[in-house]
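Peer 1: Build me a model from this:
(2 chains)
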2 protein chains.
Amino acid sequence: MITAVCLNPAVDKTYRVFSLQPGRIHRVERVEACPGGKGINVAKVLKRLGLDIRVTGFIGGGAGDALLRGLDRWDIPHRMVRIPGETRTCLNILEEVRRTQTEFLEPGPAVPPKKWEALKETVAEMAEKSRVVVLSGSLPPGLAADAYYELISLVQSRRAKAIVDTGGAPLARALEARPFTVKPNGAEMASLFQREEMSDSERIGVLREWNRGGIPLACVTLGERGAIASMEGRVYRVIPPKIEAVNPVGSGDAFAAGLAAGLDRGEGIESALALAAASAASNALHLQAGQVNAEQVASLKRKVHVAILSP
Amino acid sequence: MITAVCLNPAVDKTYRVFSLQPGRIHRVERVEACPGGKGINVAKVLKRLGLDIRVTGFIGGGAGDALLRGLDRWDIPHRMVRIPGETRTCLNILEEVRRTQTEFLEPGPAVPPKKWEALKETVAEMAEKSRVVVLSGSLPPGLAADAYYELISLVQSRRAKAIVDTGGAPLARALEARPFTVKPNGAEMASLFQREEMSDSERIGVLREWNRGGIPLACVTLGERGAIASMEGRVYRVIPPKIEAVNPVGSGDAFAAGLAAGLDRGEGIESALALAAASAASNALHLQAGQVNAEQVASLKRKVHVAILSP
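Peer 2: Below is the predicted model:
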């Protein structure tokens, strides 16, 4: 079993408008809404890849109920902890005429200390039955930056592998807990070092450093350029197949999900990385985040090239 | 008692952003949400003016629950009819840097025929106990354009006075049911005649025509210019006090509410029109729609000038 932890889930809402005009009134003809947030996207991909997945995190209010109904519709089992306030909405306004996407991310409700204790208990119980636990996304208000640090310790003391996909201070603290895998994207890695950009050789230096710090599998994802990973003294360059991306939003989550699937199935590192890149590519070929297709992933996986850069 | 009917209520949500940039991601730091929709605004104003007010209409889903909690918070009694789907959200994005307001109005869930029957029964029961019933706003999907026509007939056969504030086909059909009062704004009146603009003398011609058609009190509101009304052969020009408007959104609803309050209390036409204009002015002095202040309304009312244009 895999557990996906989504501490700050959202209702992802999409408005389609002909033209977005600041200062004007827009009548939205069609509204779409579904569960969202990085951890939910991970769960959605894993479900579509056919894995045994459970999700936990915080929900609140009527928007939280809507989120649960969405998970039920997708047949994703959940054990969410209810908190006061309303689960946040993340709004994406798709503009037809200029093809822009304008996003508005709400902060989400604050987590009271008692509810954080309840979530930790839930994660500990779920970790007992899981081989892999994926921890994805930003932290909601009310949680300290070491929230992932605490969860990784809980999870790994129960012999499950933790995969962490976050940025900023929560990532910096998470590294100290020595998760099995970290998977920031290039921008998140660079910002840890107050940098705008990094070269691939600098990135490899960081990944090796993380290995030395006790993180067995260190990855960085680089969008359409694929990913770089480092494990047991070997550095892997993951080169995805060439595709015509429809919407790359959620491809980082799909990468984390593919990695989790590979580790859960006990695949070798090269196969797990190829599955991760194939899942990311399939995600980018769909309009909605997390909307991968298992057959397409299998076919894309054969076109991923995993090169060993150094022995 | 006054009944406010809001067939297409909304959760009014406000995002404050520094700058609205199409194509970009915006992290919203503060989200405000409260019950909205024209009928809800009417009820809110009447509550604040100290009247005995009840509200009915359709709600659905978790957003509908949030709307009910908001009405409870405002101490406004309600008898809403629950329908499938989610009550719509109307989003207002306030941009700090250029001071623009960008609005997105969702269509709202469709009303199934059986639920329309349930609403009519509810309105009929509430009309039995009401002196005035206010029918405000657009019709939700699923209702025919003669929805207000049907409600006016139901209401007035129970000796309550119907006040109708809407536009387009629902207004055109409502006129045929001879409500006690109609109160479109200038644009709504003009668009009935496929016109962009109308002169005041043309407007007066329309109001008199409506009187002749069986509508005792015919009004048109003209924003900061006030309103024109016609009743029993007399035409009234309502001139509001000069104010520094903060936000005029909802002032038309406040005008309808003031009129309803005057009629409910059995005031003369001139006093009722002055109360309507004062309520509209107080609304415009507040940031939030429907946020009038009873003392301010009383003081503004003394500054409203109601001139009789013709005997």
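Peer 1: In terms of helices and strands, where is the residue in the stretch 101-250 of chain A that chain B sits nearest to?
Peer 2: Scanning the stretch 101-250 of chain A for the residue nearest chain B gives residue A:103, at 4.4 Å (criterion: Cβ to the nearest Cβ). Using the backbone N, CA and C atoms, a C-beta is placed for each residue, glycine as well. Per DSSP states H and E, residue A:103 falls inside strand A:101-105.
Peer 1: Same check on residue A:5?
Peer 2: Going by DSSP H and E, residue A:5 is in strand A:2-6.
Peer 1: on that earlier part again, residues making contact with the strand holding residue A:103?
Peer 2: Identification of contacts with strand A:101-105 by Cβ atoms under 8 Å, 6 or more residues apart in numbering or on different chains yields A:10, A:20, A:88, A:90-95, A:249, B:15, B:17, B:20-28, B:93.
Peer 1: where does the residue of the stretch 51-200 of chain A found nearest chain B sit relative to residue A:85, distance-wise?
Peer 2: Closest to chain B within the stretch 51-200 of chain A is residue A:62: 2.2 Å, counting by Cβ to the nearest Cβ. Using Cβ to Cβ, to the nearest Å, we find residue A:62 at a distance of 11 Å from residue A:85.
Peer 1: Which residues are in contact with each of these two?
Peer 2: Where contact means Cβ under 8 Å, 6+ apart, no residue is in contact with each of residue A:62 and residue A:85.
Peer 1: before we move on, the earlier item: ok, what's across the strand from the residue of the stretch 101-250 of chain A closest to chain B?
Peer 2: residue A:92, residue B:25 (DSSP bridges).
Peer 1: And for it, the neighbour number?
Peer 2: 16 (other Cβ atoms under 10 Å in any protein chain shown).
Peer 1: same deal with residue A:113?
Peer 2: 9.
Peer 1: Contact partners for the nearest residue to it once chain neighbours are set aside?
Peer 2: With Cβ to Cβ, 6 or more residues apart in numbering or on different chains as the criterion, residue A:113 has its nearest non-adjacent residue at 7.9 Å, and that residue is residue A:142. Residues near residue A:142 by Cβ under 8 Å, 6+ apart: A:110-113, A:116.
Peer 1: Which of those fall within helices?
Peer 2: A:113, A:116 (DSSP state H).
Peer 1: Tell me the most packed of the contacts of residue A:142, by neighbour count.
Peer 2: Most surrounded of the contacts of residue A:142: other Cβ under 10 Å gives residue A:111, at 24 neighbours.
Peer 1: circling back to that earlier point, distance from the chain centre to the strand holding residue A:5, please.
Peer 2: Its chain's average C-alpha position is 10 Å from that of strand A:2-6, according to Cα atoms, centre = their mean, to the nearest Å.
Peer 1: residues making contact with it?
Peer 2: Contacts of strand A:2-6 (Cβ under 8 Å, 6+ apart): A:37-40, A:42-43, A:46, A:51-57, A:123, A:126-127, A:130-137, A:151, A:160, A:260-261, A:264.
Peer 1: so what strands line up beside it?
Peer 2: The pairing partners recorded for strand A:2-6 under DSSP bridges are strand A:53-59 (parallel), strand A:132-136 (parallel).
Peer 1: Let me know which of those strands is tucked in deepest.
Peer 2: The highest mean neighbour count among those, using mean count of other Cβ atoms under 10 Å in any protein chain shown, belongs to strand A:132-136: a mean of 29.
Peer 1: Export that one to CSV, keeping only CA atoms.
Peer 2: C-alpha atoms of strand A:132-136 as CSV (Å, rounded to 0.1, in the frame of the first residue of the first chain):
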residue,chain,number,x,y,z
VAL,A,132,5.8,4.0,0.7
VAL,A,133,4.5,7.3,2.0
VAL,A,134,4.5,10.3,-0.2
LEU,A,135,4.6,13.8,1.4
SER,A,136,3.7,16.5,-1.1
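Peer 1: Now do it: everything it contacts.
Peer 2: The contact list for strand A:132-136 (Cβ under 8 Å, 6+ apart) reads A:2-6, A:37-39, A:41-42, A:123, A:126-127, A:148, A:151-152, A:155, A:160-166, A:174, A:179, A:253, A:256-257, A:260, A:263-264.
Peer 1: Just the ones of those residues in strands?
Peer 2: Counting by DSSP state E, the part of these found in strands is A:2-6, A:161-165.
Peer 1: Report the two of these separated the most.
Peer 2: Using Cβ to Cβ, these span at most 17.8 Å, a distance reached by A:6 and A:161.
Peer 1: Which of those two has more residues huddled nearby?
Peer 2: A direct count of neighbours by other Cβ under 10 Å for residue A:6 and residue A:161 places residue A:6 higher, at 27 against 22.
Peer 1: Excluding chain neighbours, give the residue nearest to the more buried one in space.
Peer 2: Residue A:6 sits nearest to residue A:39 (Cβ to Cβ, 6+ apart), 2.5 Å away.
Peer 1: does that neighbour really touch residue A:137, like I thought?
Peer 2: Yes: the pair residue A:39 and residue A:137 qualifies as a contact (Cβ atoms under 8 Å) at a distance of 5.6 Å.
Peer 1: Quick check: neighbours shared by those two?
Peer 2: Residues touching both residue A:39 and residue A:137 (Cβ under 8 Å, 6+ apart): A:6-7.
Peer 1: returning to that earlier point: what's the following helix or strand after the strand holding residue A:5?
Peer 2: strand A:10-17.
Peer 1: List of residues touching that following strand?
Peer 2: By Cβ under 8 Å, 6+ apart, the surrounding residues in contact with strand A:10-17 are A:26, A:28-37, A:40, A:63, A:66-67, A:70, A:87-96, A:105-106, A:108, A:289, B:104, B:106.
Peer 1: Now the buried members of these.
Peer 2: Taking 16 or more other Cβ atoms under 10 Å in any protein chain shown as the criterion, what is buried in the contacts of strand A:10-17 is A:26, A:28, A:31, A:33-37, A:40, A:63, A:66-67, A:70, A:87-95, A:105-106, A:108, A:289, B:104, B:106.
Peer 1: Just the ones in helices from those, please.
Peer 2: Using DSSP H, the subset of the buried ones among the contacts of strand A:10-17 located in helices is A:40, A:63, A:66-67, A:70.
Peer 1: Dump the strands paired with strand A:2-6 into CSV; add mean pLDDT as well.
Peer 2: Shown next, in CSV, are the strands paired with strand A:2-6 (pLDDT from 0 to 100):
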stretch, mean pLDDT
strand A:53-59, 98
strand A:132-136, 98
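Peer 1: Let me have those in TSV, extended by distance to residue B:282.
Peer 2: Shown next, in TSV, are these (distance: least, Cβ to Cβ, whole Å):
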stretch	distance to residue B:282
strand A:53-59	39
strand A:132-136	49
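Peer 1: Roughly how far does residue A:255 sit from chain B?
Peer 2: 20 Å (Cβ to the nearest Cβ, to the nearest Å).
Peer 1: Next up, the contacts around that residue.
Peer 2: Contacts of residue A:255 (Cβ under 8 Å, 6+ apart): A:183, A:219, A:221, A:227, A:276-277, A:279-280.
Peer 1: before we move on, back to that, contacting residues for the residue nearest to residue A:6?
Peer 2: Counting by Cβ under 8 Å, 6+ apart, residue A:39 touches A:4-7, A:9, A:55, A:57, A:134-137.
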